[in-house]
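# sequence and computational prediction follow.
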Amino acid sequence: MISSMEDLILAALVVLFVSCAIRYALHRPSDCFPPGPPRVPLLGSYPFLLALNYHHLHRAAAKLSERYGSKLVGLHLGPLPAIIVNDHETVREVLQRGEFDGRPDLFLARLRDEHYARRGIFFTDGDSWREQRKFFLKTLHEYGFGRRNDAVEQDLQAGLVELIALLKDGPQHEHERAVVDEKTGYALCPQVFFALFSNVMLRMLTATRLEREDQAVLFDVGKCSLAFHRQGDDYGLALSYIPWIRHLLPGFSRYKVLRDVNRKANGVIRSLAEKCEQTYNEDDIRCFIDAYIREIRLNGNKQTSGSDVFGFEYDQLIIGCADFLVPAFSAIPAKLGLILQRLVAHPSVVEKMYPELEQHVGQSRLPLLDDRAQLPYCEAVVREALRIDTLVPSGIPHVATVDTQLAGFHIPKGTLVINGLDYANHQEDVFPEPHTFRPERFLNAEGKLSLELDRSLPFGAGKRVCAGETFARNALFLTVATLVHQFTFTMEHTPDPAHHLTGVIRTAPDFTIKFSPR
Ligand code: HEM
């Protein structure tokens, strides 16, 4: 009798446990939440994404869209509700609507800061984000960032002249020997471009440009920056959602390497800021950092409202500068690597670019940004490369700041919103034959570049659009045009986009390429 009672209680407990587990797994954050996979404790739906495509979570998300027959997939990343938007029009809508301008509080972002605080622009929101973004962009603009500016263009040109000399005449310094093989002339990509764009950014931030012999530090920080970009994943790693995993598994969770590379890069930025401070003169504001120091001295005690309350202060300056230096160190070089691989795989494209350059630029000088209007095919090549190998496949996560509706679904406040930029840039009804590299798709019947035809979203859009879009587009155009004007390219193996790596950004695995002078 007793034993059958015990069996009954046990059976009831098992039923209760199983029904709780099922309810937990199938929980939806709202009555009308987009369909998607179940969740498990702690990790949310991460294991299902990893099982579908361990290395490329945006491709796993595309499979989920197919499986659930829905352009919006609803799931959990760790404990947080999230939606992934896999539709061009809806991504555009999200990017334009202010209620999706929030950023989630990710540990991946916090570990960039010495005190694990949310600082800078990339990963903050609310008043602090608005205030810092406005100050950075307005002030950097005065030093030539984000617009046509002779000094910035001359810096870029000077860097390109140095790069051409390095590739034609060979390395002269130890740090150059690490990226260009003296005997074979093969260059390591994307590392060979580490100094090119960061040096331009450095002048705007610190009023200093480093000469070739002093550029070792740029190659060192470039390595850290690339490691940060490669170590993440589309959605910020499980480490972002269950940060305590770092205490159990510091290596596997990637905490250690991410913390180390950020500390190293921030240390260099801090020493640059200290140098500016030592020679600071309020009657001679030489650069962005001087202007920020002035702001700290004038308004440093005013704090912004929000969860992390800082206003203008030194640590904010460091992370803010990192927000602009890290992409210059490694996002543009990584993109350049992807473009060069496309050019090697499509020699017929280079055969069309060169005559255009020969006709409009000639042999006596290098291409300039002023030539851009006369070089529509070259411009279309860069645009098509930005579309086809979308650098940030899932954008940077947004967050809904209020309860709202999207595409007929109810999205509760606090839901992460992941924009499937790679998905949108390969949507067949917007870009026919989306996986074919075809720059002509952006040219009209007269062979002119048509911006209306370019509906791609490599930089996002709206209020959170990439703060470096104009700088990156100018830098990529000038560099690609100059390299095609000066060199032909060969690689030992035909590059294959299937080998790309997905981290915070897409990169090609390190590769070597030979630049042969024309
Ligand atoms: C080919 C190069 C680049 C691409 C494709 C790219 C793409 C992106 C994307 C997709 C975002 C997220 C937009 C969103 O949240 O919806 C972003 C944000 C951002 N980018 Fe870029 N980026 C590039 C280069 C740069 C450069 C060179 C800089 C600075 C020098 C830069 C600075 C930023 C900043 C500060 C943000 C955060 C904006 C905010 O949250 O308000 N990016 N970028």
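Right, received. Where do you want to start?
# how far away is Ile381 from Phe477?
One thing to correct before we go on: residue 381 is Val, not Ile. 9 Å (CB to CB, to the nearest Å). (Glycine included, C-beta is placed from N, CA and C.)
# of these two, who's got more company?
Val381 (28 against 20; other CB atoms under 10 Å).
# surely that one and His346 touch.
No. Contact between Val381 and His346 fails when scored by CB atoms under 8 Å: they sit 9.1 Å apart.
# what parts of the stretch 401-518 of the chain come near the ligand?
421, 458-460, 464, 466-468, 471-472 (CB under 6 Å from any ligand atom).
# for the stretch 101-250 of the chain, same thing?
The stretch 101-250 of the chain comes close to the ligand at residues 121-122, 133, 201, as judged by CB under 6 Å from any ligand atom.
# and those residues, which two are the farthest apart?
Arg133 and Met201 (16.5 Å; CB to CB).
# so what pLDDT did Asp308 get?
We have a pLDDT of 69 for Asp308.
# quick one, what contacts the residue of the chain at minimum distance from the ligand?
At 2.1 Å from the ligand, Gly468 is the closest residue in the chain, using CB to the nearest ligand atom. The contact partners of Gly468, by CB atoms under 8 Å, 6 or more residues apart in numbering, come to 146, 324, 327-328, 331.
# please report how far it lies from Ala380.
21 Å.
# next SSE downstream of the helix or strand bottoming out on mean pLDDT in the chain?
Every helix and strand of the chain was ranked by mean pLDDT, DSSP states H and E. The lowest is helix 2-26, at a mean of 81. With elements assigned by DSSP states H and E, the helix or strand that comes after helix 2-26 is helix 46-52.
# mind listing what's buried in that following helix?
Neighbour counts over helix 46-52 (16 or more other CB atoms under 10 Å) mark 46, 48-49, 52 as buried.
# can those go into TSV with extra columns for distance to Asp181 and pLDDT?
Shown next, in TSV, are those (distance: CB to CB, whole Å; pLDDT from 0 to 100):
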residue	distance to Asp181	pLDDT
Tyr46	41	91
Phe48	44	95
Leu49	40	95
Leu52	40	97
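# and which of these is nearest to Ser240?
Closest to Ser240, out of all of these and judged by CB to CB, is Tyr46, at 10.3 Å.
# OK, contacts around that closest one?
Counting by CB under 8 Å, 6+ apart, Tyr46 has contacts 77-78, 238, 241.
# Ile418: neighbouring residues, count only.
For Ile418, using other CB under 10 Å, the count is 28.
# which non-adjacent residue is nearest it?
Ile84 (4.5 Å; CB to CB, 6 or more residues apart in numbering).
# my guess is Glu379 contacts Pro367. True?
No. Using CB under 8 Å, Glu379 is not in contact with Pro367; the gap is 11.3 Å.
# just want to know which of the two has more residues nearby.
Per other CB under 10 Å, whichever of Glu379 and Pro367 has more neighbours is Pro367, with 26 against 22.
# now name the helix or strand holding the more buried one.
Of the helices and strands defined by DSSP H and E, none includes Pro367.
# check contacts around it.
Pro367 neighbours (CB under 8 Å, 6+ apart): 357, 361, 375, 478, 481-482, 485.
# please apply the same query to Ser30.
Here Ser30 is in contact with 409-412 (CB under 8 Å, 6+ apart).
# what do you get if the cut-off is 7 Å, keeping everything else the same?
For Ser30, the contacting residues are 410, 412, by CB atoms under 7 Å, 6 or more residues apart in numbering.
# phi, psi for it please.
phi -150, psi 170 (degrees, to the nearest 10).
# mind checking how far it is from Asp403?
Counting by CB to CB, the gap from Ser30 to Asp403 is 8 Å.
# quickly list what's touching both of these two.
In contact with both Ser30 and Asp403: Pro412, using CB under 7 Å, 6+ apart.
# with distance to Glu114 added, can I get the residues of the stretch 101-250 of the chain next to the ligand in CSV?
Formatted as CSV, these follow (distance: CB to CB, whole Å):
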residue, distance to Glu114
Ile121, 17
Phe122, 16
Arg133, 22
Met201, 22
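# so which of those residues is the closest to Leu57?
For these, the nearest to Leu57 is Phe122 (19.1 Å; CB to CB).
# surely Ala273 touches Gln316?
No. Using CB atoms under 7 Å, Ala273 is not in contact with Gln316, being 11.1 Å away.
# more neighbours: these two, which one.
Taking neighbours as other CB under 10 Å, Ala273 and Gln316 compare with Gln316 leading, 26 against 20.
# now that one: which helix or strand?
helix 314-326.
# is that helix up against the ligand anywhere?
Yes. Helix 314-326 comes into contact with the ligand (CB under 6 Å from any ligand atom), by way of 323-324.
# next structured bit after that helix?
helix 332-345.
# tell me the angle the following helix or strand past that following helix makes with helix 332-345.
Next helix or strand after helix 332-345 toward the C-terminus (DSSP H and E): helix 347-360. Counting by axes from the mean of the first three to the mean of the last three CA atoms, to 10 degrees, helix 347-360 lies at 110 degrees to helix 332-345.
# next secondary structure element downstream of helix 347-360?
helix 376-388.
# would Ile83 count as being in a strand?
Yes. According to DSSP: H, G, I helix; E, B strand; the rest coil, Ile83 belongs to a strand.
# which one of the contacts of Tyr46 has the most neighbours?
Leu77 (26 neighbours).
# mind listing what Phe324 touches?
Counting by CB under 7 Å, 6+ apart, Phe324 has contacts 201, 468.
# ok, Ser45 next?
36-39, 75-76.
# hmm, which of the contacts of Gly468 is lowest in pLDDT?
Gly146 (93).
# secondary structure element for the residue nearest to that one when sequence neighbours are not counted, which one?
In space, and not counting its chain neighbours, Gly146 is closest to Thr470: 4.6 Å by CB to CB, 6+ apart. Applying DSSP H and E as the criterion places Thr470 in helix 469-486.
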